[in-house]
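> let me see the structure of the following:
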Amino acid sequence: MTVTAQMARFALVGVVNTGTYYGCYLALLSVLPYLAAHVIAFALSMIGSFLLNSYFTYRTRPTWRKFLLFPLTNAANFVITTGGVWLLVDRAGFSSRYAPLVAAVAAIPITFVVSRAIMLRPDVRPKAVERVR
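Numbers count the residues shown, from 1 in each chain. As a prediction, this is how the structure comes out:
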């Protein structure tokens, strides 16, 4: 599959993931402060994102190793969106309902590059150490 096709699929997964995140965020916002709602919704949507990117975007088998590394793909995304949400709400006076959508746009290219590197990384198992006689 070409990188262009992967980018298109990644974008589609991103739309679904953003919808999942935003739905969870709004539901949690009614019972939690906005930053807590953001963090929890982000974590839940990241699990869905991992599975969709494994099967649909990169057509690779999900493994525990990739699952454990996948949060690294979202580390930059998390920092950018969390900082963006805080800046937009606390400093720029944006509504806490819409700030996450604006902040998410800035994080998309970085997330794709890191995601692609992790998801397409070959699963290398360490070779058995041979005994020297």
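> give the contact list for the residue lying closest to residue 36 once chain neighbours are set aside.
Take residue 36 and drop its neighbours on the chain: the residue closest to it by C-beta to C-beta, 6 or more residues apart in numbering is residue 28, 7.4 Å away. All C-beta atoms are positioned from the backbone trio N, CA, C, and that covers glycine. The neighbours of residue 28, taking C-beta atoms under 8 Å, 6 or more residues apart in numbering as the test, are 36, 37, 40, 41.
> show me what the helix or strand hosting residue 108 is packed up against.
Using DSSP states H and E, residue 108 maps to helix 99-119. Packing contacts for helix 99-119, counted by 3 or more C-beta pairs under 8 Å, 6 or more residues apart in numbering; DSSP states H and E, involve helix 3-29, helix 64-86.
> check those helices for me: which has the lowest mean pLDDT.
Ranked by mean pLDDT, those end with helix 64-86 in last place, scoring a mean of 87.
> just the buried residues of it, please?
Within helix 64-86, the residues that count as buried by 16 or more other C-beta atoms under 10 Å are 66, 69-70, 73-74, 77-78, 80-82, 84-86.
> for the residues you listed, give me JSON lines that also has distance to residue 19.
Shown next, in JSON lines, are these (distance: C-beta to C-beta, whole Å):
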{"residue": "66", "distance to residue 19": "23"}
{"residue": "69", "distance to residue 19": "25"}
{"residue": "70", "distance to residue 19": "19"}
{"residue": "73", "distance to residue 19": "19"}
{"residue": "74", "distance to residue 19": "17"}
{"residue": "77", "distance to residue 19": "16"}
{"residue": "78", "distance to residue 19": "18"}
{"residue": "80", "distance to residue 19": "19"}
{"residue": "81", "distance to residue 19": "15"}
{"residue": "82", "distance to residue 19": "19"}
{"residue": "84", "distance to residue 19": "18"}
{"residue": "85", "distance to residue 19": "17"}
{"residue": "86", "distance to residue 19": "22"}
